[in-house]
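Okay, predicted coordinates and the sequence, questions at the end:
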Amino acid sequence: QVQLVESGGALVQPGGSLRLSCVASGFTLDYYFIGWFRQAPGKEREGVSCIGTNHGRTYYSDSVKGRFTVSREDAKNTVVLQMDNLKPEDTANYFCAANRYYYCADENDYWGQGTAVTVSS
């Protein structure tokens, strides 16, 4: 079965860190461009970060640049989003998505179900 599963979301205090994982099954993740998105209640989905194939180029939205880091763990068929210095405005449901041909695309071949991140004191 082809699927993406995110994990690592939690309740964390402002200034804290979380490590989100996106694990693929049924296909090889390193052949795909991967994007991380988030959606807060009542807001539109926002693209947060992207990573190319072969540990290539990365992208970060202005809202997370300098605080989030995306990386691949090919042996685990996983992409990781390390989130540091979290702010209350980072509160959202975070999704990963895989695209076979396009980098940082809004439309993707596979989507995960999401993992919830809440930043609050």
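Done, it's in. Numbering: from 1, shown residues only.

Neighbours of the nearest residue to residue 74 once chain neighbours are set aside, how many?
For residue 74, the nearest residue in space outside its immediate sequence neighbours is residue 30; the separation is 4.7 Å by CB to CB, 6 or more residues apart in numbering. Where C-beta positions appear, they are placed from N, C-alpha and C, glycine not excepted. Summarising burial for residue 30: neighbours were counted as other CB atoms under 10 Å, giving 16.

what do you get for residue 119?
Counted with other CB under 10 Å, residues neighbouring residue 119 total 20.

Which strand residues bridge it?
Note on residue 119: beta-bridge partners by DSSP bridges are residue 12.

which residue is nearest the middle of the protein?
For the chain, the residue lying nearest the average C-alpha position, counting by CA atoms, centre = their mean, turns out to be residue 36 (3.0 Å).

Downstream of the strand or helix carrying that residue, the next helix or strand is which one?
Assigned by DSSP states H and E, residue 36 falls within strand 33-39. Using DSSP H and E, the helix or strand that directly follows strand 33-39 along the chain is strand 46-51.

any idea of the angle that next one forms with strand 33-39?
With axes from the mean of the first three to the mean of the last three CA atoms, to 10 degrees as the basis, strand 46-51 and strand 33-39 are set at 160 degrees to each other.

Please, where are all the strands along the protein?
Across the chain, reading from the start of the chain, the strands by DSSP state E fall at 3-7, 11-12, 18-25, 33-39, 46-51, 58-60, 68-73, 78-83, 92-99, 110-111, 115-119.

Quick one: those as CSV, columns for mean pLDDT too.
Converted to CSV, the strands of the chain look like this (pLDDT from 0 to 100):
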stretch, mean pLDDT
strand 3-7, 97
strand 11-12, 98
strand 18-25, 97
strand 33-39, 97
strand 46-51, 96
strand 58-60, 97
strand 68-73, 96
strand 78-83, 97
strand 92-99, 97
strand 110-111, 96
strand 115-119, 98
